[in-house]
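Student: predicted model and sequence follow; I will ask about them next.
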Amino acid sequence: MSDGSEDCPVLHVDMDAFYASVVLRGRPELAGVPVVVAGGGDRGVILCATYPARRRGITSGTPTAQARRRCPELVVVPPDFAAFAEASGAVFEAFASVTPEVEPLSQEEAFLHVGGARRTGTPRALGETVRARVVERVGITCSVGVAATRSVAKLASRRAKPDGLVVVPPTEVRAFLDPLDVGELWGVGPSTRARLERMGVTTVADARRLPLELLQAALGRAGGAQVHALLRGAEGGRLHAAFRPQERQRSIGSDRTLARDVGDAEELHGVLLGLTLGVTARARRAGLVASTVAVRVRYPDFTTVSRARTLAEPTATTRDVHALAVHLLDDLRDPGRAVRLVGVRLAGLRDTSGHAEQLALGDPERGWRHTDEAVDRVRQRFGSGALARATLLDTPAAAAPPQAAAEAPGPDATGWWSW
DNA sequence: TCTGGGGTCCTAGGACCC
DNA sequence: TCTGGGGTCCTAGGACCC
């Protein structure tokens, strides 16, 4: 990506232990104590660990149960997503006060392009300004990496943690990267790292000696090209999805790890309905319909399988999606095995505005959509608890593919929902 | 007490069409 | 009748990131 990057340094700003820091703002008595933010109960994992907890070997992704065993005095705090969103908004306001070119990566992380702001100071000084403003306005610390490219700035901020700043000038990129383990590169995960290790390389300096063709043969066309670029401190082709925030969302999904493994079909259909309600409501809120519905199942041994079906007519109707999801699940699942997780995802999203109205007035399909819309309105006004699902009154119909279900919606059209 | 939930992108193979 | 190639869409699974 050639954007005159030498003249336009990039700041990568990353909040330090963001979720935990937000929680700790109001709990000064927990300073210095190993604290983690974790939800999900017995089968959950750590969302965020404070630095005292990290020194005990607990990082995000660690199973909560394992963390408790490793550190009996661990303080486990449930996530407060509303507080995270509020803090995130304040953080991004602080970013915007330094440069208008803010590229968000997540709730707690962004690239700041400061080429246009350089008159007001060196990149290092701008980075320190960001850090000071974030602390001042939000009360939590962040770390900043400065480099000519995003991929190096990202590594630099990691080096700066916690509560620091690291500048890697273009002339020092090689020296900075050379000793790193290839697994530290952004986009090189455990699988790619293992493959490289089998090729005899573990450090960036070693891996850089591998020709592009060899990397592509081992890692695939795109993957090989990406690693080749990252080893040189260049941007790489696909860095992160959030680099194109202007593009429309590709999919909307939800999955649930069950409190215990479940083999009962009815129970799984019920879970699927709950997930479908959420997913279709999100699609409708965004003004999107989906042409593909996918269902996923994870077995206790962690093998994960999926089934997807593309529809002739895109939909965001709860009943249609649920009917198809149930069909896919029953087709996919080995009835002799209990499942650990089920999920549903909508893909092939497009704007409702471009979705031609194909249905005649009086078509039962309209009824379903209007039912969904009415429910959406009630929930928007009174909260999602205002409407609860009663029972699935038409299980046989709901289990049929949508075209069959639409032919015979039956008198239950008003019974789907209850107050 | 092993392993969450939200996503994106890539690859490979098959179907289908020209 | 046989053979080949290219393009596109769909599906299933993997890898990765926060």
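Tutor: In hand now; what should we look at?

Student: which segments of chain A make up each domain?
Tutor: Following automatic domain parsing, one finds the domains of chain A at A:178-239, A:251-352+A:362-414.

Student: can I get these in JSON lines with mean pLDDT and mean neighbour count?
Tutor: From N, CA and C alone the C-beta is placed, and that goes for glycine too. Formatted as JSON lines, those follow (pLDDT from 0 to 100; neighbours: other CB atoms under 10 Å):
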{"stretch": "domain A:178-239", "mean pLDDT": "93", "mean neighbour count": "17"}
{"stretch": "domain A:251-352+A:362-414", "mean pLDDT": "81", "mean neighbour count": "17"}
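
Student: need those in CSV (columns: distance to A:Ser151).
Tutor: Shown next, in CSV, are those (distance: least, CB to CB, whole Å):
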stretch, distance to A:Ser151
domain A:178-239, 5
domain A:251-352+A:362-414, 26
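
Student: how about stretch A:162-176: buried residues?
Tutor: A:Gly164, A:Leu165, A:Val166, A:Val167, A:Val168, A:Val173, A:Phe176 (16 or more other CB atoms under 10 Å).

Student: around DNA strand C, which positions in the stretch 151-300 of chain A sit nearby?
Tutor: Counting by CB under 7 Å from any atom of the strand, the stretch 151-300 of chain A comes close to DNA strand C at A:154, A:185-193, A:240, A:291-292, A:294.

Student: out of the residues you listed, which sit inside strands?
Tutor: Among these, the members found in strands (DSSP state E) are A:Ser291, A:Thr292, A:Ala294.

Student: before we move on, the earlier item: between the domains of chain A, which gets nearest to A:Glu86?
Tutor: Nearest to A:Glu86 among these is domain A:251-352+A:362-414; the distance by CB to CB comes to 18.2 Å.

Student: let me know whether the closest one sits next to DNA strand B.
Tutor: Yes: judged by CB under 7 Å from any atom of the strand, domain A:251-352+A:362-414 and DNA strand B are in contact via A:251-257, A:278, A:282, A:301-302, A:340-341, A:343, A:345.

Student: which two in these are spaced the farthest apart?
Tutor: A:Arg282 and A:Asp301 (30.8 Å).

Student: C-alpha coordinates for stretch A:329-339, PDB please?
Tutor: Extracted in PDB, the C-alpha atoms of stretch A:329-339 (Å, rounded to 0.1, in the frame of the first residue of the first chain):
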ATOM      1  CA  LEU A 329     -29.600 -28.300  11.800                       C
ATOM      2  CA  ASP A 330     -31.600 -31.500  11.500                       C
ATOM      3  CA  ASP A 331     -29.800 -32.300   8.300                       C
ATOM      4  CA  LEU A 332     -26.400 -31.500   9.700                       C
ATOM      5  CA  ARG A 333     -26.500 -33.000  13.100                       C
ATOM      6  CA  ASP A 334     -25.700 -36.500  14.100                       C
ATOM      7  CA  PRO A 335     -28.700 -37.300  16.200                       C
ATOM      8  CA  GLY A 336     -26.600 -39.700  18.300                       C
ATOM      9  CA  ARG A 337     -24.300 -37.000  19.500                       C
ATOM     10  CA  ALA A 338     -25.000 -34.200  22.000                       C
ATOM     11  CA  VAL A 339     -23.800 -30.800  20.900                       C
END
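
Student: show the end-to-end separation of stretch A:34-43, please.
Tutor: 20 Å (CA to CA, to the nearest Å).
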